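*Asks:* give me a model of this one.
(one chain, ligands or ions: 1)
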Amino acid sequence: MNTIREPAQTLPVLADADVCVIGGSCTGVFAAVRAARLGASVVLLERANAFGGVATHGLVLIWHSLRDTEFKRPIIGGLTAEVIDRLLRRDAAAINEGNSNSYCSLNTEELKIELDGLVREHRITPLLHTLGCRPLLQGDRIDAVLVENKDGRGAVRARVFVDATGDGDIAVRAGVPGRVRDGLQPPTTCAKIWRFHPEGKRFGDLYKAHHAAFGLEPDSGWDSPVPGLPDIRMVAQTHVFGANVADAAALTRAEMEGRRQIRGVIDLLRAHGDPARPPVLVQLASCIGARESRILDAAHRLTEEEVLHGIRFPDAIANGSYRVDVHAPQGGGFLFKYLDGTTLFAHNNGCEQGRWREPTPENPTFYQIPYRCLHHPSRPNLLFAGRMISADRGAFGAIRVMVNLNQTGEAAGTAAALAARGGLPVGAVDPALLRRQLADGGSIIL
Ligand SMILES: Cc1cc2nc3c(=O)[nH]c(=O)nc-3n(C[C@H](O)[C@H](O)[C@H](O)COP(=O)(O)OP(=O)(O)OC[C@H]3O[C@@H](n4cnc5c(N)ncnc54)[C@H](O)[C@@H]3O)c2cc1C
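*Replies:* As a prediction, the model looks like this:
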């Protein structure tokens, strides 16, 4: 590789805090809030202009059920429930409950403002438009994270760091082992489209018949109403197969290809939809939605087996009931595996039902994520939260949804505050104390 040497320089320390969270999706904001609620001083770095990650910049507006698989027992509370309540008070969320497709849909623009409010109310120091670039190590500890923003380059010091960058940028650069799995789930560029559903025709049928003529993949996705906007759909119909969004060149190609595919969808509808009601592109996601990139090693790797059998952990910090949902890395289709032993394979030519195990009189109704998936023994003052936490392909397919990852943020923030307060390695935080603090802060701990 062609190289150039950067001259050494002395940098300003922009902030010195108990906890520094890098990445400001709901995962990162919730980590920051939970740490602040325990009295920690907190700095929150986000490379974009607003908080929320895929939920806001990616337009992904669905938070799945907060109840178990039977939709009876509440298993998720904490900041996810708080934020839903805050949005409901503004008519900025809609709940569809009581059936097998229970979920909450969000007005993701209102969510941005709500997250600003949470950051302000908790006296967190935010740095927007600020990229966390590189950790500086002292021995095995991270002393500071180098950042770049409009002021140039600087450093943020903290006692404990939480990597909530989705891709695990900081953890990997700090030497935490991690990898990009073969066969990544593809990223998707989302958009809001007016008059997406043509009168008297099904989008799915039109897509199946005409996608190739518009340079679209043989795999369509889903679309959803937007709360308060009956004629506008949030459309997640594109797939950029084979793209690793943790690679700069691949990410660039994927962003442009995703937008090209959105235009293909619009053009397909213009050509074959209702000529009296042509579709209008209302909003493009400001970044492509990443499903999967790096997965980090940790003290424990969560397995599909543990998820599907609902294994309970003494250090459980999150509960989930969302199915194992793996999008095919090439060609399209997705496979669901449920805790009741059934499967559903959906592809462009239909759906096939099956089983991954024989029926049993009782089924687990939720699974858990242990604290051990959020840290690696080699870095005593680093936690990670979000989609990079340690999980195999199947377990990742289940835990990757936001109601689950939000809880990993809350746990990482709580553990970071406890570790900072006690001067402890994150691996030495007492799981019983962590679980108690989470429960005291409104999380459902089972
Ligand atoms: C199209 C699509 C549909 C989906 N559908 C659903 C769904 O219906 N429901 C659901 O719950 N989940 C869904 N998911 C999955 C879910 O959205 C993601 O798994 C989840 O949002 C990931 O959260 P995260 O916090 O780990 O990462 P992200 O949301 O990616 O957040 C990472 C944040 O860190 C910031 N960042 C990254 N690097 C740096 C850095 N170096 N310095 C500073 N900031 C940085 C980013 O800007 C971003 O704000 C979907 C995903 C996609 C792509």
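
*Asks:* CA atoms for contacts and neighbours, from now on please.
*Replies:* OK.

*Asks:* ok, Asn381 to His129 distance?
*Replies:* Taking C-alpha to C-alpha, to the nearest Å as the criterion, Asn381 is separated from His129 by 25 Å.

*Asks:* which one of the two has more residues nearby?
*Replies:* Asn381 (26 against 15; other C-alpha atoms under 10 Å).

*Asks:* tell me the pLDDT at the nearest residue to the more buried one once chain neighbours are set aside?
*Replies:* Leaving out its chain neighbours, the residue that sits closest to Asn381 by C-alpha to C-alpha, 6 or more residues apart in numbering is Val160, at 4.7 Å. pLDDT, Val160: 99.

*Asks:* now what about the helix or strand harbouring Val160, what contacts it?
*Replies:* According to DSSP states H and E, Val160 maps onto strand 152-163. Outside strand 152-163, the residues that touch it by C-alpha atoms under 8 Å, 6 or more residues apart in numbering are 11-23, 28, 31, 142-148, 169-171, 381-385, 412-413, 416-417, 419-420.

*Asks:* ok, it near the ligand or not?
*Replies:* No. On the criterion C-alpha under 6 Å from any ligand atom, strand 152-163 is out of touch with the ligand, staying 8.5 Å away.

*Asks:* so what strands line up beside that strand?
*Replies:* Strand 152-163 has its sheet partners listed here by DSSP bridges as strand 13-22 (parallel), strand 141-149 (antiparallel), strand 382-384 (parallel).

*Asks:* list the buried residues in the second one.
*Replies:* Using 16 or more other C-alpha atoms under 10 Å as the burial criterion, the residues of strand 141-149 that qualify are Arg141, Ile142, Asp143, Ala144, Val145, Leu146, Val147, Glu148.

*Asks:* in a markdown table, list the residues you listed along with pLDDT.
*Replies:* A markdown table is the format used below for these (pLDDT from 0 to 100):
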| residue | pLDDT |
| --- | --- |
| Arg141 | 98 |
| Ile142 | 98 |
| Asp143 | 98 |
| Ala144 | 98 |
| Val145 | 98 |
| Leu146 | 98 |
| Val147 | 98 |
| Glu148 | 98 |
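
*Asks:* which of the residues you listed lies closest to the ligand?
*Replies:* Using C-alpha to the nearest ligand atom, Val147 comes nearest to the ligand of the buried residues of strand 141-149, at 7.8 Å.

*Asks:* residues near the closest residue to the closest one other than its chain neighbours, how many?
*Replies:* The spatial neighbour of Val147 that comes closest, neighbours along the chain excluded (C-alpha to C-alpha, 6+ apart), is Gly132 at 4.6 Å. Residues near Gly132, counting by other C-alpha under 10 Å, number 24.

*Asks:* what's near enough to touch Gly132?
*Replies:* Residues in contact with Gly132 (C-alpha under 8 Å, 6+ apart) are Ile22, Gly23, Leu45, Glu46, Arg47, Val145, Leu146, Val147, Glu148, Ile170.

*Asks:* around the ligand, which positions in the stretch 201-350 of the chain sit nearby?
*Replies:* Proximity of the stretch 201-350 of the chain to the ligand is confined to Ala236, Gly289, Ala290, Arg291 under the rule C-alpha under 6 Å from any ligand atom.
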